[in-house]
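>>> Sequence and predicted structure are below.
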Amino acid sequence: MHSSNRARLLSDQFDPGHETLEARLFFEHEIPWDEIAFKTVGETLKRYFADHRAGQFSIHVFDIT
């Protein structure tokens, strides 16, 4: 049986570190796309969700300009 899950979150109690002022979990439709600090993070999330919908995960190579 093929699973599209990449990992399993064992607890919703997490501590991302002192560099992060605010961190929380989002459903895709809740992501504040305009507030993502780094373009690479936004692009990675978009590709992850597209792969998840397709049921197949690939390696992606892209330029960030």
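Cool, the structure landed.

>>> The most centrally placed residue in the chain is in what secondary structure piece?
In the chain, the centroid-proximal residue (CA atoms, centre = their mean) is Leu45; its distance is 4.0 Å. Secondary structure from DSSP states H and E places Leu45 in helix 39-54.

>>> Which strands and helices lie in contact with that helix?
The criterion is 3 or more CB pairs under 8 Å, 6 or more residues apart in numbering; DSSP states H and E, and there are no helices or strands that helix 39-54 contacts. C-beta: built from backbone N, CA, C; applies to glycine.

>>> The residue nearest to the centre of the chain: what's it in contact with?
Contact partners of Leu45, counting by CB atoms under 8 Å, 6 or more residues apart in numbering, are Ile31, Ile36.

>>> now it: how far from His18?
The gap separating Leu45 from His18 is 23 Å, by CB to CB, to the nearest Å.

>>> Could you list the low-pLDDT ranges of this structure?
Filtered on pLDDT under 70, the chain yields the residue ranges 1-5.

>>> Could you pull out the strands in it for me?
Along the chain, no stretch is classed among the strands by DSSP state E.

>>> count of neighbours near the closest residue in space to Leu25 that isn't next to it in sequence?
Nearest non-adjacent residue to Leu25, counting by CB to CB, 6 or more residues apart in numbering: Asp12, 6.7 Å away. Counted with other CB atoms under 10 Å, the neighbours of Asp12 add up to 7.

>>> swap in Arg47?
15.

>>> contacting residues around Val61?
Here Val61 is in contact with no residue (CB under 8 Å, 6+ apart).

>>> From Thr44, how far off is it?
The spacing between Val61 and Thr44, counted by CB to CB, is 12 Å.

>>> do the same with His18
In this view, His18 and Thr44 are 23 Å apart by CB to CB.

>>> higher neighbour count, the two?
Between His18 and Thr44, counted using other CB under 10 Å, the more crowded position is Thr44 (14 against 6).

>>> What sits closest to Ile36 if chain neighbours are left out?
Gly42 (4.4 Å).

>>> count of neighbours near the one you found?
Gly42: 16 surrounding residues under other CB under 10 Å.
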